[in-house]
Every structure is written in C-alpha cells, then in structure tokens.
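# need a structure here:
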Amino acid sequence: MKLLRNTVIRAGLEALYFSGAHVLLRPIFAGVGAIFMLHHVRPPRDDAFQPNHHLEVAPDFLRAMLAHLRTLDVDIISMDEAHKRLAERSFARRFACFTFDDGYRDNRDFALPVMREFDAPMTVYVASDFAEGAGRLWWVALERVIATASAIEVPIGGTMTRLDASTAQAKRAAFNRMHDWLRSLASEHDVQREISALCARHGVDEGSIARELCLSWDELRGFAANPLVTIGAHTITHCNLAKQSEATASFELSTSRARIEDVLQRQAAHLAYPYGDRIAAGPREFALAKTLGFKTAVTTRPGMLFPESADHLTALQRVSLNGNYQDARILPVLTSGAATAMWNGFRRIDAA
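Numbers count the residues shown, from 1 in each chain. Below you'll find the predicted structure:
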C-alpha cells in the first residue's frame with residue numbers, strides 16, 4: 001500500500017511539473033512562505049532495505065533546494081524571524097525556513113555545511129531523551145530487526161502472527177504492517193513493550209541507537225553556538241502527544257523545553273510535535289503549546305504559509321523534503337504550493 005501511495009505521489013508531482021500546472025497555480029497557492037521539514041541529511045546508503053528512506057535526503061538535494069530558493073529571490077530566515085513576520089503580518093517578501101526533527105548528528109555533519117554555503121538559518125527540534133542517549137527510536141529499531149531476520153513473530157491483534165521477511169519485498173511489507181500496527185497501539189508504553197521484546201528476540205541493541213545517531217548534550221552545546229542554528233523542543237520521549245493525558249502532554253512539552261534551556265543556556269521558543277499528523281497533534285495540543293508560551297509549533301500536515309497562518313502559530317504546516325522524491329524537477333512544484341494545495345483539497349489552512 002505504501003509503495004502504491006509513493007508511486008501515486010510521484011506521478012502527481014511529475015504531472016504537475018510536465019503539465020506546467022504548478023506555474024499557473026503558483027500565484028494562488030505559493031503563499032507568503034514555507035517551512036521545509038527534514039530529518040536526516042547524509043550521503044545515500046546502498047542498503048537494499050531502507051523503509052525509513054523517506055526520512056533522509058542527500059546533501060546535494062538540500063543544496064539544490066537552497067539554490068532554487070535563491071533563484072526565486074526568497075528570503076531564507078530563522079523561525080524567530082518567521083514568527084516576527086507572521087505576528088506583524090509583514091509579507092512584502094516571500095520567505096522560507098528549514099527545520100530538522102529529532103536532533104540527528106548528521107544535521108551537524110552534513111546539513112550545517114550546506115546551510116553555511118547559503119548563509120541559511122536552520123532550526124533543529126531536539127527530543128531531550130535522545131540527547132541524553134536514553135531515548136528509543138523505535139522505527140529505526142524495527143528496521144534493524146527486519147533487516148537481519150528472515151521472519152518475525154508479533155502479537156498483532158492479540159494473535160501471534162508470523163510475518164515473512166525473507167526477501168526485500170517481504171521485508172518492506174512486514175515493516176509497513178508492523179509500523180501501522182505499532183502506531184495504532186493505545187500508548188507509547190505498548191509500543192515500547194513490543195519493540196523491546198522484538199529487539200530482545202532478534203539481538204538488536206535498541207538502547208544504543210540514540211547514542212549512535214543523535215547529538216549528545218555536549219555536541220549540542222557546540223552546535224547551538226553556531227549563529228545559524230536554533231534549537232527547538234520536540235518533547236522528552238518523542239511520544240504521540242494526542243494519546244497522552246493532558247497533564248502528561250503538558251509535562252512532555254514544558255519539561256523538554258526546560259531541559260534544553262537548562263543545558264544549552266538558550267531559549268527554546270519553538271516546538272515540533274512528534275509525528276505531527278492528525279492522530280498525533282490536534283486542537284488540544286495546539287492550545288497547550290500556546291498556553292506554555294511557545295512562539296511557534298510545527299506539524300507534519302502539508303501546506304504553505306499564508307497570511308491567515310498568523311492566527312495559527314502553534315499549528316503551522318510544513319513542506320516535506322522527502323527522501324523518496326529527490327528529483328530536482330520537483331523543486332519548483334514544491335515551492336509553487338501546487339502539490340500541497342492538491343493534497344489538502346485546495347484548503348489553505350489545516351489547523352482543525
């Protein structure tokens with residue numbers, strides 16, 4: 001199903017490009033700016049099985065987007081400046097922000113050098129448990145289990161189910177089924193229980209993944225000292241906030257911010273909701289972020305920024321730079337707003 005979805009999305013992007021429809025739609029749907037969403041930035045891997053490939057782009061693709069924005073004479077600005085322009089409704093010039101979720105080490109090693117080439121600010125949203133080396137990146141653990149297994153057994157729906165993982169195609173199908181099942185579970189505790197049991201059965205050290213992939217607090221101190229870098233909050237545990245009680249969700253938001261500010265001695269005024277889709281962040285979470293004093297909070301709901309985005313500063317939409325679609329031809333499609341407009345049924349704001 002995900003392969004079909006990716007194929008359909010790619011076809012849609014190419015249709016917009018080859019038809020020239022994105023050029024016609026740009027004046028209507030490009031908006032006043034865009035917040036681009038990334039996770040990993042690193043050289044391509046040659047592994048046959050990469051189910052999380054959508055979360056990583058090559059440095060050259062990031063470079064191509066930045067160069068494209070320069071040709072459009074778009075200002076590349078920080079989230080602080082974006083907040084200022086939205087709050088003051090100052091839209092004389094179009095702008096773009098670049099945001100990176102989770103706090104991966106490759107953001108420092110590969111993204112920052114590219115951003116420096118363009119003197120472009122970047123905001124990195126850090127889950128504090130990841131920085132402490134204690135967090136659990138379950139989607140990476142799941143990839144590593146399935147990569148080395150020929151089959152896995154999991155209690156889907158309370159019934160022990162055997163999933164084939166003997167071929168690359170079977171591995172992708174097993175990962176997709178497991179991913180969807182895990183995200184449907186009632187709580188983060190349930191997700192962690194199942195992943196931990198799976199890792200134990202297949203000899204995967206899930207506890208080392210955060211230390212391997214994410215910037216530590218010591219590394220973040222040096223990284224945050226760069227004038228191009230802003231560090232934002234991404235909760236403590238990278239949990240689905242909508243599945244938490246209001247008290248727990250509030251604690252995740254406020255404590256993650258407090259930890260960042262205490263360790264880095266810098267304000268963490270911006271937030272990204274983990275997962276960030278409709279089943280992870282909605283009106284309650286948007287209101288909590290506002291009550292707790294975050295200047296902005298970003299979702300993963302697709303969309304450009306419009307003047308009315310100023311009324312939804314803790315429910316801002318983003319444009320994903322997706323590893324599955326690293327083709328320079330789609331850059332003008334993405335910056336035109338045509339793709340996100342079609343995805344949203346031509347609604348400009350999705351904050352409900």
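# Can you name the residues in contact with stretch 107-121?
38, 40-43, 59, 62-63, 66-67, 70, 76-79, 81, 97-98, 100, 122, 124, 215, 219, 223, 226, 228-230 (CB atoms under 8 Å, 6 or more residues apart in numbering). For glycine as for every other residue, the C-beta is placed from the backbone atoms N, C-alpha and C.
# At which residues are the strands of the stretch 51-200 of the chain located?
When assigned using DSSP state E, counting those that start in this stretch, the strands of the stretch 51-200 of the chain occupy the ranges 56-57, 75-76, 95-102, 122-126, 151-156, 159-164.
# Quick one, which of those gets closest to residue 135.
Comparing those against residue 135 with CB to CB, the closest turns out to be strand 95-102 (9.0 Å).
# what about the closest one, distance to the chain center?
For strand 95-102, the gap between its own C-alpha mean and the chain's C-alpha mean amounts to 9 Å (CA atoms, centre = their mean, to the nearest Å).
# Stretch 210-230 now?
Taking mean C-alpha positions (CA atoms, centre = their mean), stretch 210-230 and its chain are 17 Å apart.
# just to revisit the earlier point, could you dump the strands of the stretch 51-200 of the chain into a markdown table and include mean pLDDT, mean neighbour count and distance to residue 311?
Output for the strands of the stretch 51-200 of the chain, formatted as a markdown table (pLDDT from 0 to 100; neighbours: other CB atoms under 10 Å; distance: least, CB to CB, whole Å):
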| stretch | mean pLDDT | mean neighbour count | distance to residue 311 |
| --- | --- | --- | --- |
| strand 56-57 | 98 | 25 | 31 |
| strand 75-76 | 98 | 18 | 22 |
| strand 95-102 | 98 | 26 | 18 |
| strand 122-126 | 98 | 27 | 21 |
| strand 151-156 | 94 | 15 | 42 |
| strand 159-164 | 95 | 12 | 45 |
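# Residue 330: which of those strands is closest?
Among the strands of the stretch 51-200 of the chain, the nearest to residue 330 by CB to CB is strand 56-57 (12.0 Å).
# Show me what that closest one is packed up against.
Helices and strands in packing contact with strand 56-57 are listed as strand 40-41; criterion 3 or more CB pairs under 8 Å, 6 or more residues apart in numbering; DSSP states H and E.
# try it again with 6 Å
Applying 3 or more CB pairs under 6 Å, 6 or more residues apart in numbering; DSSP states H and E, we find strand 56-57 packed against no helix or strand.
# what's it in contact with?
40-41, 321, 323, 326 (CB atoms under 6 Å, 6 or more residues apart in numbering).
# cool, and stretch 125-134?
Taking CB under 6 Å, 6+ apart as the rule, stretch 125-134 contacts 101, 103, 135, 210-211, 214, 217, 220, 231-232, 234-238, 256, 259, 272.
# Hmm, residue 215 and residue 105 touching each other?
Yes - using CB atoms under 6 Å, residue 105 makes contact with residue 215 at a distance of 5.2 Å.
# These two: which is more packed in?
Summary of the neighbour comparison: residue 105 and residue 215, criterion other CB atoms under 10 Å, with residue 215 having more neighbours (25 against 18).
# how close does that one get to residue 89?
As judged by CB to CB, to the nearest Å, residue 215 and residue 89 stand 35 Å apart.
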